[in-house]
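*Asks:* kindly return the folded structure for what I paste below:
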Amino acid sequence: MTRRPPARRQATPRPGRRRSQQDLPVTVLAVVAIAAAGLVVMVVNWLLAHWWLLLIVAVVAVLGGIGWWQERTQRVQWARARARALRYGLAQLDALGHRQFEYAIRDLMNRDGCTDAVQVGGQGDLGADVKATDPQGRRWVIQCKHRRHGERGAAVGTPELQVLNGTGRPVHKADVVVMVTNGRITQPGRVFARQQRLHLVDRQLLGSWAAGSRPLWELLPVLPPPRKPAQLS
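*Replies:* As a prediction, the model looks like this:
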């Protein structure tokens, strides 16, 4: 009968060896921290010995900041000058697409001083293609009707004005509600607009506004009074 050799016992790590393995990361971190602190001390001492370099860097940074601010201010001034010089002829407006026409009206409102003028026309616009606030604090809602054939195109009539009237003040909270077209407006539409205090910019008035330098509120009759400062907030 053969005797099996005794099973080997698994060697258990010695307590001292286990402790040394656990202390190794702490030692490494300590060495790294000491090295980093030493590097920081060296850099600080070098900067203190070469303080004039810090002065040069500070001067360059200040001059660079001044130059950036002057360039930015100049760009803003150029943008404002270009906006003030914006002009459109009726032939140019006729050649635009409907969306481009909306952007042109937005740019004209911006030229006149409505710094927040924005094009909002699109699906679900609820009758508003351009929104703006004039320097007197009045809120404008403008619907644009572009006609590819100008005054030979379909006239804007009462149905379009009824849509605008139903949303301009109740939905968009406008003080001034405007219909702008490069075409014609029917006589019944003009009567309806007067009754509902809607403002009309037909082809003739659009030509004067777009090609001139007077803001639209100087060309339209019977506008609401400027908003009081408390109402602008």
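*Asks:* so residue 96 touches residue 104, yeah?
*Replies:* Yes: here residue 96 reaches residue 104: they are 6.2 Å apart, a contact under C-beta atoms under 8 Å. No exception for glycine: its C-beta is placed from N, CA and C like everyone else's.
*Asks:* when those two are compared, which one has more neighbours?
*Replies:* More neighbours surround residue 104 than the other of residue 96 and residue 104, with 22 against 16 (other C-beta atoms under 10 Å).
*Asks:* state the distance from that one to residue 93.
*Replies:* With the distance defined as C-beta to C-beta, to the nearest Å, residue 104 ends up 6 Å from residue 93.
*Asks:* joint contacts of these two?
*Replies:* residue 210 (C-beta atoms under 8 Å, 6 or more residues apart in numbering).
*Asks:* model confidence score at residue 81, please.
*Replies:* Looking at residue 81, its pLDDT reads 46.
*Asks:* same check, this time on residue 50
*Replies:* 78.
*Asks:* with residue 27 instead?
*Replies:* 78.
*Asks:* what's the neighbour count on it?
*Replies:* Neighbours of residue 27 (other C-beta under 10 Å): 10.
*Asks:* can you name the residues that contact it?
*Replies:* Contacts of residue 27 by C-beta under 8 Å, 6+ apart: none found.
*Asks:* did I read that right, it in a strand?
*Replies:* No: counting by DSSP: H, G, I helix; E, B strand; the rest coil, residue 27 falls outside a strand, being helix.
*Asks:* for it, give its distance to residue 117.
*Replies:* Plainly put, residue 27 is 67 Å away from residue 117 if you go by C-beta to C-beta.
*Asks:* ok, now how distant is residue 59 from residue 27?
*Replies:* According to C-beta to C-beta, residue 59 and residue 27 sit 45 Å apart.
*Asks:* any chance you could map the strands in this structure?
*Replies:* 118-119, 130-133, 139-145, 176-181, 199-201 (DSSP state E).
*Asks:* out of those, the one nearest residue 209 is which?
*Replies:* Of all the strands of the chain, strand 199-201 sits nearest to residue 209, with 6.8 Å by C-beta to C-beta.
*Asks:* contacting residues for residue 152?
*Replies:* Residue 152 neighbours (C-beta under 8 Å, 6+ apart): residue 183.
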